[in-house]
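# build me a model from this:
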Amino acid sequence: MHQISVIGDARACPDELGRQLADLFEIDFQLLHKALDATPKQHTLIDIDLHDYPQLVPLKDWLKGKPKNAKVIFVTDKASRLQDTRAYALGATGIVHRPINGQTLLTRLSDEEATLATVPATPAGEQSPGVAAAVATLQSIFSAACSGTPVDATAVQAASDTVVGQLEAQGLSAWIETVRMHHSQTYQHCLLVTGVAVAFGQHIGASRKDRQRLSVAGMLHDIGKARIPLAILEKPGRLDDNELAIMRKHPQYGLDALGTVSTLHAEMLDMVVHHHELLDGSGYPHGLQGNEISDLVRIMTISDVFGALIERRSYKPPLSGDAAYQILLDMGPKLDKHLVRAFKFASEIGRQS
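Here you go, the predicted model:
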């Protein structure tokens, strides 16, 4: 029998919770105002009114004192994205929907629900300054997204300058060779996309300031994956329909995570939520078309697709630069044809890496 601390407010029904979880859990129920006088436990389930703002502020402060590696699961309504967002902002490590399923809760409390914030940031092999700065920044970004705290935009900007400097000095081939050694598929992808986007900017004559913007965009574009279970992100094979539906939520999760960072330009938020949009309207999450998609998003989409194709994964070798570039060409009206034409340089660099 698993032990769990359950915290509720005046609307909670402890007897009903007990019946829902009786087969798997031994419950210690406390009302919220009393629980705040004690120390958070290792496993906590919180079932409160997430629209009652006055009780949320002290709860957030209280959860900052939770033990290391503690699991805090919030109960939300299935159709409420707002409740999910508020739960993560308060410090949730996971969510279960009403009515609560005991087995689902047990899964949320297990290591199967590990996230990117729990992945060691250091890749294998020697790190150059630009890669080291990008890796550390990604770890900070994913941790902030998981904990619901604001991303340090100043630190991201500083890292972007280091990344641009390394690409100028060593080129994209060296970057690809280094970041392919990262054991995390998601970290490797973000690092590849960042390097490819910056190199693309350099190739088309973008200013250093614009290349820094592309570097920031590359590091931030998949921040929403911090809220996707690691078992889905790092699955060694194709995702099933349910897993794919969860994965496709990451652009909106990314926008939710960055929405409170006042120092970020709107174009960065646009890139985070729309980097999977395609010119013919077949992308997601909003099905944008043509001129609805900005130039920065178009560059990031090409970089994102190319980065995914040249990744080294445990179950498949990376595509060559030529093969990956041919797939971009085959996507036809889905991508900006002028940018794809300008991107041909990457097919040669990928082949050499």
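# next, the buried residues of whatever helix or strand Ser140 lives in.
Using DSSP states H and E, Ser140 maps to helix 129-147. If you call a residue buried by 16 or more other CB atoms under 10 Å, then helix 129-147 has these buried ones: 130-135, 137-147. Glycine gets a C-beta too; all of them are placed from N, C-alpha and C.
# next SSE after it?
Downstream of helix 129-147, the next assigned helix or strand under DSSP H and E is helix 153-179.
# what angle do that next one and helix 129-147 make?
Angle, helix 153-179 to helix 129-147, by axes from the mean of the first three to the mean of the last three CA atoms, to 10 degrees: 120 degrees.
# Three-state assignment for the residue most central in space within the chain, please.
The centroid of the chain falls nearest to Lys225 when counting by CA atoms, centre = their mean (2.3 Å). When classified by DSSP: H, G, I helix; E, B strand; the rest coil, Lys225 comes out as helix.
# can you show me the strands along the stretch 1-150 of the chain?
2-8, 25-31, 43-47, 71-76, 94-97 (DSSP state E, counting those that start in this stretch).
# looking at those strands, which is nearest to Gly307?
Comparing the strands of the stretch 1-150 of the chain by their distance to Gly307 (CB to CB), the top pick is strand 94-97, with 28.5 Å.
# in that closest one, what's buried?
Applying a neighbour-count criterion of 16+ other CB under 10 Å, one finds Gly94, Ile95, Val96 buried in strand 94-97.
# what is it packed up against?
Counting contacts by 3 or more CB pairs under 8 Å, 6 or more residues apart in numbering; DSSP states H and E, strand 94-97 packs against strand 71-76, helix 81-90, helix 102-109.
# try it again with 6 Å
Contacts defined by 3 or more CB pairs under 6 Å, 6 or more residues apart in numbering; DSSP states H and E place strand 94-97 against strand 71-76, helix 102-109.
# walk me through which strands the first one pairs with, and which way each runs.
Right, the one you point to is strand 71-76. Strand 71-76 has the following strand partners under DSSP bridges: strand 43-47 (parallel), strand 94-97 (parallel).
# just give the number of residues close to Val261.
Val261 has 16 neighbours, counted by other CB atoms under 10 Å.
# what's the closest non-adjacent residue to the residue nearest to the centre of the chain?
Spatially, and ignoring its direct neighbours in sequence, Lys225 is nearest to His250 (4.8 Å; CB to CB, 6 or more residues apart in numbering).
# any idea of the pLDDT on that neighbour?
pLDDT for His250: 95.
# out of the buried residues of strand 94-97, who's nearest Ser173?
Nearest to Ser173 out of the buried residues of strand 94-97 is Gly94 (CB to CB; 40.2 Å).
# what's the distance between the closest one and Leu21?
Using CB to CB, to the nearest Å, Gly94 is found at 15 Å from Leu21.
# dump the residue contacts of Ser80.
For Ser80, no contacting residues are found, by CB atoms under 6 Å, 6 or more residues apart in numbering.
# please name the nearest non-neighbouring residue to Gly102.
Counting by CB to CB, 6+ apart, Gly102 lies nearest to Leu24, which is 4.3 Å off, once chain neighbours are set aside.
# wait, isn't the one you found in contact with Ile100?
No. In this structure, Leu24 is not within contact of Ile100 by CB atoms under 6 Å, at 10.7 Å.
# which ones are touching the residue nearest to the centre of the chain?
The contact partners of Lys225, by CB under 6 Å, 6+ apart, come to Thr186, Leu233, His250.
# try it again at 8 Å.
Leu116, Phe142, Thr186, Leu233, His250, Tyr253, Gly254 (CB atoms under 8 Å, 6 or more residues apart in numbering).
# likewise Ile299?
By CB under 8 Å, 6+ apart, the contact list for Ile299 reads Ala197, Phe200, Gly201, Leu214, Leu339.
# and the two most separated of those residues?
It's Leu214 and Leu339 that sit farthest apart of those, by CB to CB, at 12.6 Å.
# ok, those two, which is more surrounded?
Comparing Leu214 with Leu339 by other CB under 10 Å, the one with more neighbours is Leu214, at 27 against 17.
# checking my notes, that one in a strand, right?
No. Leu214 sits outside any strand when classified using three-state DSSP, being helix.
# does it touch Val198 like I think?
Yes. If you go by CB atoms under 8 Å, Leu214 and Val198 touch, sitting 5.3 Å apart.
# ok, Asp270 - contacts?
Taking CB under 8 Å, 6+ apart as the contact definition, Asp270 lies against Ser294, Leu296, Val297.
# likewise for Leu105?
Leu105 neighbours (CB under 8 Å, 6+ apart): Ile4, Leu21, Leu24, Phe25, Leu45, Ile73, Val96.
# what's around Asp61, how many residues?
12.
# ok, it to Gly91 distance?
Counting by CB to CB, the separation of Asp61 from Gly91 is 10 Å.
# how is this structure carved up into domains?
Domain ranges of the chain: 2-113, 117-352, per automatic domain parsing.
# nothing else from me, thank you.
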